[in-house]
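Colleague: Any chance you can model this:
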Amino acid sequence: MTSTQADIDVSYSVSNEFFELWLDKNMHYTSGAYLKGDETLEQAQINKIRILSEYAEVDENSRVLDIGCGWGSAMDHLVNECNAKEVHGITLSTAQLEWVHKRNLPRAKAWLQDYSTYVPEQKYDALISIEMIDHLCSPKQAREGKAVDIYRQYFNKLGEWVEPGAHFGFQAILSDRLPRKRKDVEDLAFTANVIFPGGRNPRMEELVQAVRPKWEIIELRTQRMDYRNTTAEWLRRMREHEAYIRKTWGDQLFDDYERYLDVCVRGFEAHWCSDVQMKLLRVER
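Modeller: All right, here's what the predicted structure looks like:
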């Protein structure tokens, strides 16, 4: 991991109560899927995890691992909607892990664990990972030409945790165009350095290269405007609680998160960023 546990706690361990104010009811902190365009945030998040569960081909016989499990939103769906036999999750956020444990999900376990040192007791039938890869490669490493190798190490390691023929429901935020105005560049840098230190969004072509040789892309869908709609709704909900947030956590936290979410909305609208979901197949290599 390029993002350390301390970095992850900066991003995700501000306060569970803070995030609960503006995320959906099941605490998904990743892009929803607005398949019709008029869904609520809650419906869009259900659409998202349904797509990824179907990509991973999860059923009642599946042992599933969620890499970067967050507050356990996907784990909840895998247990209660897919009826998976066993669900595991790993995260580097102490606050998120606490929330997962409070869910008391049946047939589920989660650990504070870096994926790079994780050794499963036995192989899984399916994998899920939702926007965790954005923490693996720093901007400096990308400038040094290391991005594809870092992402390939990730895909290769995950490939050892399943047998050939297994499926992986994967989602990532993407870098696309660079903004031309100084203020926009500064805003993007602020988001990377202050809200998500140590992280960097991959480019589509880097992921396409990196999945090989362990994985084959079976299906791929992008959802740029879905993430625009997701972040816009997060921003709207957070602003509804402005007075409480300022009183409870201070002006700086509200100002930082308002700037970050506003940058996200503008970034997805202007093609600076996008989002991708992939169905990956573990191949014989």
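
Colleague: Remind me which helix or strand the residue of the chain most remote from its centre belongs to.
Modeller: Largest separation from the mean C-alpha position in the chain: Lys247, at 29.3 Å (C-alpha atoms, centre = their mean). If you go by DSSP states H and E, Lys247 is part of helix 242-249.

Colleague: can I get the CA coordinates of that helix in PDB?
Modeller: Extracted in PDB, the C-alpha atoms of helix 242-249 (Å, rounded to 0.1, in the frame of the first residue of the first chain):
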ATOM      1  CA  GLU A 242     -23.500  22.600   8.000                       C
ATOM      2  CA  ALA A 243     -24.300  24.200  11.300                       C
ATOM      3  CA  TYR A 244     -24.100  21.000  13.200                       C
ATOM      4  CA  ILE A 245     -20.800  19.900  11.500                       C
ATOM      5  CA  ARG A 246     -19.200  23.300  12.200                       C
ATOM      6  CA  LYS A 247     -20.300  23.200  15.800                       C
ATOM      7  CA  THR A 248     -19.200  19.600  16.400                       C
ATOM      8  CA  TRP A 249     -16.000  19.200  14.300                       C
END
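
Colleague: What segments of the protein are strands?
Modeller: Secondary structure of the chain (DSSP state E): strands located at 63-67, 86-91, 108-112, 124-130, 162-175, 215-222, 273-282.

Colleague: Where does pLDDT dip in this structure?
Modeller: Scanning the chain for pLDDT under 70 picks out 1-13, 285.

Colleague: same thing but 80
Modeller: 1-14, 192, 196, 198, 285 (pLDDT under 80).

Colleague: Quick test: name the residue nearest the centre of it.
Modeller: Note: the chain centre (C-alpha atoms, centre = their mean) maps to Glu131, 2.4 Å.
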